[in-house]
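1. Got a sequence here, can you build the structure:
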Amino acid sequence: MTRHDRPFDGHVLVLDGGTGSELRRRGAELSDRCWSAEANRSHLDLLIEIHLDYIRAGADIITANTFATSRFVLASAGLDAHFDEINRSSIDAVRQASKSTDRDLRVAASLSCLPPAFDADAYPPPDAEYRAYSELVACFVDNDVDLILLEMMQDTEHSALACRAVSMSGLPFWIGVSCRTHSRDGRLVTFDNPRQSFVDVLDAVLPFNPEGVAIMHSPVDAIGPAIEELGRHWAGAVGAYGEIPYAQDPTAADDKGIAPDEYAAAAKKWLAQGAVLLGGCCGTMPAHIAALKALVDG
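-> Numbers count the residues shown, from 1 in each chain. This is a model prediction of the structure:
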């Protein structure tokens, strides 16, 4: 059995935490066009340091900083000529950090449907969008990642294009769906669009037969209900890695965050619901991952 063939076999694995938010917290300026992608060139040492801290915290899976590195997103920031460099260096950064341990770590690559410059009206035509996802997937295959994480799937059209491209890769992949509860009636809707039903997104992405489905980049209080709803549509592996409040200005005091022990207490309930993958998204730090590792080990 090759590394790529290994299934999740019921053992709970710990994923790393936020990367973009952690880069910002440590002083890197993020782009309003391509989020954290440029850090793969401008702050590579800092990125490696963040990966190292998540490894030391006990993460089993370390995710390359490729959330915002599709060609059309990079083009919106004038960086499309650096597509290969930006993506290769992000994966190399994980591998370099992984040399610090003898543990059997998995190298994951993130793929999102982030629109160019965060403008949902600026996507390329569907054929071009699909080719861009396929190009990024081919880069992941060429660089021998172990796992692809589709992240922030929260619509039916763009998410389906991304899932189709990833499903053709031959690599294991997880689909990460982002949601929240509607402020008026408590329905599960997608994270950024209260008019888009969580269930409709599930219906669009589950036919691509992922290795697992995670509720990710979602408020902590929405994850339990989302796992419960997911169970009505999906009988496979389930994971959770939530988003927690954090300071947009790294110099400002943030009194709205969720402490690591509080986050682990919430994750204990996700474990009871059957989660086999636990981690963190924006706002979570190595201390949150260490708390998850202690929970899983305990």
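2. Output the contacting helices and strands for whichever strand or helix holds Leu149.
-> For Leu149, the element it lies in under DSSP states H and E is strand 147-153. Applying 3 or more Cβ pairs under 8 Å, 6 or more residues apart in numbering; DSSP states H and E, one finds that strand 147-153 contacts strand 106-112, helix 157-167, strand 173-177, helix 198-205, strand 212-219. For every residue, glycine as well, the C-beta is placed using N, CA and C.
3. closest one to Tyr263 among these?
-> Among the helices and strands packed on strand 147-153, the nearest to Tyr263 by Cβ to Cβ is strand 212-219 (11.8 Å).
4. Show me how far that closest one is from its chain's centre.
-> In terms of Cα atoms, centre = their mean, to the nearest Å, the centre of strand 212-219 is set 8 Å apart from its chain centre.
5. what element comes up after it heading to the C-terminus?
-> Next helix or strand after strand 212-219 toward the C-terminus (DSSP H and E): helix 220-230.
6. counting contacts, what elements does that next one pack onto?
-> Applying 3+ Cβ pairs under 8 Å, 6+ apart, one finds that helix 220-230 contacts strand 179-181, strand 188-190, helix 198-205, strand 212-219, strand 237-243, helix 260-272.
7. Now distance to Ser21 and mean pLDDT too, for the ones you listed, in JSON lines please.
-> Shown next, in JSON lines, are those (distance: least, Cβ to Cβ, whole Å; pLDDT from 0 to 100):
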{"stretch": "strand 179-181", "distance to Ser21": "17", "mean pLDDT": "98"}
{"stretch": "strand 188-190", "distance to Ser21": "20", "mean pLDDT": "98"}
{"stretch": "helix 198-205", "distance to Ser21": "23", "mean pLDDT": "98"}
{"stretch": "strand 212-219", "distance to Ser21": "11", "mean pLDDT": "98"}
{"stretch": "strand 237-243", "distance to Ser21": "9", "mean pLDDT": "97"}
{"stretch": "helix 260-272", "distance to Ser21": "14", "mean pLDDT": "98"}
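8. In a markdown table: those, plus mean neighbour count.
-> As requested, the helices and strands packed on helix 220-230 are arranged in a markdown table below (neighbours: other Cβ atoms under 10 Å):
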| stretch | mean neighbour count |
| --- | --- |
| strand 179-181 | 23 |
| strand 188-190 | 23 |
| helix 198-205 | 20 |
| strand 212-219 | 26 |
| strand 237-243 | 26 |
| helix 260-272 | 18 |
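9. Could you dump the ones you listed into CSV and include distance to Leu13?
-> Below are these laid out as CSV (distance: least, Cβ to Cβ, whole Å):
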stretch, distance to Leu13
strand 179-181, 22
strand 188-190, 25
helix 198-205, 21
strand 212-219, 10
strand 237-243, 8
helix 260-272, 12
